[in-house]
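3D, please:
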Amino acid sequence: MSELHPHQKLLLDCISLDMKEQEERYGVEGNEGLKQLKSLGVVLHPITVTRKSFGYADYPEIAFKLPYATDTSAFKDSSAIKCFVDGEEAVKGILLSLDGQKGMARLYAPDFPDWIEDRGVGLKLAPDHYTSECMKSAVKSINELPAMSQLFGQIHGDAPFGSMEESSRAIEWRNTKLNESQQGAVKGILGSEGMTILHGPPGTGKTTTIIEGVLQLINEGKRVLITAPSNAAVDNVAKGLLHYQTKILRLGNTTKVDDEIFPFTLEGQLKDSKESKSIKKLKIRAEELRRMSYQYKRNFGKAEREQRKALIQEVKRIRKEIRDIQDYAAQMSFETADVVLGTPIGIQNALQKESEFDVVVMDEAGQAIEPLAWVVFPFAKKWVLAGDPFQLPPTVLSDKATQMGFAVSILEHAFKQCKNIRFLDTQYRMRSSIAQFSNSYFYDGKLQTPENQKDSGAHVLFYDTAGTGFEEKAGEDGRSLTNEGELEIIQKMIEANNWNPKEIGFISPYAGQVQLAKSILSKDIKVSTIDSFQGQEMSMVIVSLVRSNQDGNIGFLKDYRRMNVALTRAKEKLIVVGDSATIGMDSFYDQFLKYVETVEGYQSAWEFMG
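Coordinates of the predicted model:
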């Protein structure tokens, strides 16, 4: 193997650092450890198991509920977890879904542990060694593949690469409402030989443009692999393609997949196939063996333990046979699909190494740490990166890895060198006064708004809490900040204006404030962290900034990309609540406050005092 590039070595070091951080953060044991993990928000304890079943590949699955409200923001779909109870060996698994206080998890075991319905059962996040090893392998393999080695050199070289070539063929547009910049982006995707970057600021129709580009590629006889760091982003594209009756195959976790998409998953396609009958028989046999093993569970001698072990081994063998049948059926599905979709690790898990596509499209590439891209890039020799480098970056646990540049996305790296960048120049989401500040600060004023959404202000309001005494406080978990005064003002504001709670989104950068808001505000208001709200929109959005202190300390409000997301979610009315004396010391927020004054949107929170 040839010598690794210094940046490859850096990526490998960062993957190791992030894994070490996971192991330290999630690896503590015992009662004291449990308290520590709870304070970090990486344990759900206790949980109540509401249903048990054997799911895909015959793995045991549990449905559960939380008998309390807590911060669950660290628990993402497909997170590695351990199911535990005090005094017993924990069982590894993955979190399939968590929505509010209800969730599902899959356990990697032949059967449910005896204690699964005992009091005191919990779930804790676990180090994700599988993802780590996938990424390390992908980074190390770059040198072995000429096309990957060349692309890596271009992205991390000193010279710009690529050109703004466009397809010259006459295009019959499937979506006839695309604007000029969207059409140009599609022509760029079709005409480029290497990499195309689709730069889509908020509300500019990035997904719409991706879908048209993919439809046109299919029209040319191309096979397309679509990926994104989150399942939600993958499903968003999948649903768009299904409206055009595209032959798709959706890989990965199907628990939260839309009913519309489920028939196009491996599980959905197996449902009524002849293979499903074979799988059903095997599952029945596995269940019989499990029942037989129950009689040998506890307090038996060596012979009984050996007998139980043999029965469990046979269950494992049957499970492998089920997976083999599913893999065969999957291969048949791959061959008939024009488009295959999944997260990078979901794709890595399901596709054979030698699988080939004509184009890889990565959506939300601004949220993908670089190694995830090298997991999927080798499947094609033409690539499309779609996203916005001025919105949220990837999440990285290790502070040291972040300092070394691990949180710089693949989109940001490519953005610096690739010349084939297609900018979507018209936003359709929000009133012009809502879009204007971000347009000026992040997009050099290049973002246009259609005539029917132009306005003269009154759609952006800033309620200033300076002087009210509503200062930030540490949340109950000791980790995240809260500001109850801001929530009081927001509540009074909603009541005074008689706003419809169902049309309101409440967002804050602080998980503690979000948890507090859920307990105070109307249940009809959509309450979320800014990070979880990326890609979404509401008619009215209220942003609670929380920070209020005498030192002008604004913490991670300093990540202006997070605020770019926050300020561009509202369609009709944007309301920001904060302390001008605290945030105004920062140049970004100073400019925002001055902008608010120009559209006559400055208000004092004293209006709702008393």
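
hang on, Thr568 in a helix?
No. Counting by DSSP: H, G, I helix; E, B strand; the rest coil, Thr568 is not part of a helix but coil.

And it, its phi and psi?
Main-chain dihedrals, Thr568, degrees, to the nearest 10: phi -120, psi 30.

any idea how far the nearest residue to it once chain neighbours are set aside is from Arg561?
Once flanking residues are discounted, Thr568 sits nearest to Pro202: 3.8 Å by Cβ to Cβ, 6 or more residues apart in numbering. In this view, the C-beta of every residue, glycine as well, is placed from N, C-alpha and C. Distance, Pro202 to Arg561, using Cβ to Cβ, to the nearest Å: 11 Å.

okay, and the common contacts of the two?
Contact criterion Cβ atoms under 8 Å, 6 or more residues apart in numbering; residues shared by Pro202 and Arg561: Gln391.

which residues does the residue nearest to Phe592 when sequence neighbours are not counted contact?
Closest residue to Phe592 apart from its sequence neighbours, by Cβ to Cβ, 6+ apart: Phe437 at 5.9 Å. Contacts for Phe437 (Cβ under 8 Å, 6+ apart) come out as Val460, Leu567, Gln591, Phe592, Tyr595.

Take those and lay them out in a markdown table including pLDDT.
Listed next are the contacts of Phe437 as a markdown table, based on pLDDT from 0 to 100:
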| residue | pLDDT |
| --- | --- |
| Val460 | 97 |
| Leu567 | 98 |
| Gln591 | 98 |
| Phe592 | 98 |
| Tyr595 | 97 |
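
Spatially, which two of those are the most separated?
By the measure Cβ to Cβ, Val460 and Gln591 form the most distant pair in the contacts of Phe437, at 13.5 Å.

Could you check the helix or strand bottoming out on mean pLDDT in the chain and say which residues are buried?
Scoring the helices and strands of the chain by mean pLDDT, DSSP states H and E places helix 30-40 at the bottom, with a mean of 74. The neighbour-count check on helix 30-40 (16 or more other Cβ atoms under 10 Å) flags Leu34, Leu37, Lys38, Leu40 as buried.

quick one: low-confidence parts of the stretch 401-550 of the chain?
457, 475-479 (pLDDT under 70).

What are the boundaries of the helices in it?
410-417, 432-442, 484-497, 511-520, 530-533 (DSSP state H, counting those that start in this stretch).

so who does the nearest residue to Thr426 once chain neighbours are set aside touch?
For Thr426, ignoring the flanking residues on the chain, the nearest one in space by Cβ to Cβ, 6+ apart is Gln448 at 4.7 Å. The neighbours of Gln448, taking Cβ under 8 Å, 6+ apart as the test, are Asp425, Thr426, Gln427.

By neighbours, which of these wins?
Compared across the contacts of Gln448, Gln427 has the highest neighbour count, 24 neighbours, by other Cβ atoms under 10 Å.

That one touches Gly200, doesn't it?
No. Contact criterion Cβ atoms under 8 Å: Gln427 and Gly200 do not qualify, at 9.5 Å.

follow-up on the earlier one: just the buried ones among the contacts of Phe437, please.
Using 16+ other Cβ under 10 Å, the buried members of the contacts of Phe437 are Val460, Leu567, Phe592, Tyr595.

can you list these in JSON lines and add distance to Lys454?
Output for these, formatted as JSON lines (distance: Cβ to Cβ, whole Å):
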{"residue": "Val460", "distance to Lys454": "14"}
{"residue": "Leu567", "distance to Lys454": "18"}
{"residue": "Phe592", "distance to Lys454": "20"}
{"residue": "Tyr595", "distance to Lys454": "16"}
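
Now flag whichever of these is closest to Asn253.
Leu567 (31.7 Å).

Count residues in the vicinity of the residue nearest to that closest one when sequence neighbours are not counted, would you?
Leaving aside its sequence neighbours, Leu567 sits nearest to Ser438 (Cβ to Cβ, 6+ apart; 5.5 Å). Look at Ser438: counted by other Cβ under 10 Å, it has 25 neighbours.

from memory Ser438 sits against Asn564, does it?
Yes. With contact defined as Cβ under 8 Å, Ser438 reaches Asn564; the gap is 5.3 Å.

quick one: common contacting residues for these two?
Counting by Cβ under 8 Å, 6+ apart, the common neighbours of Ser438 and Asn564 are Pro202.
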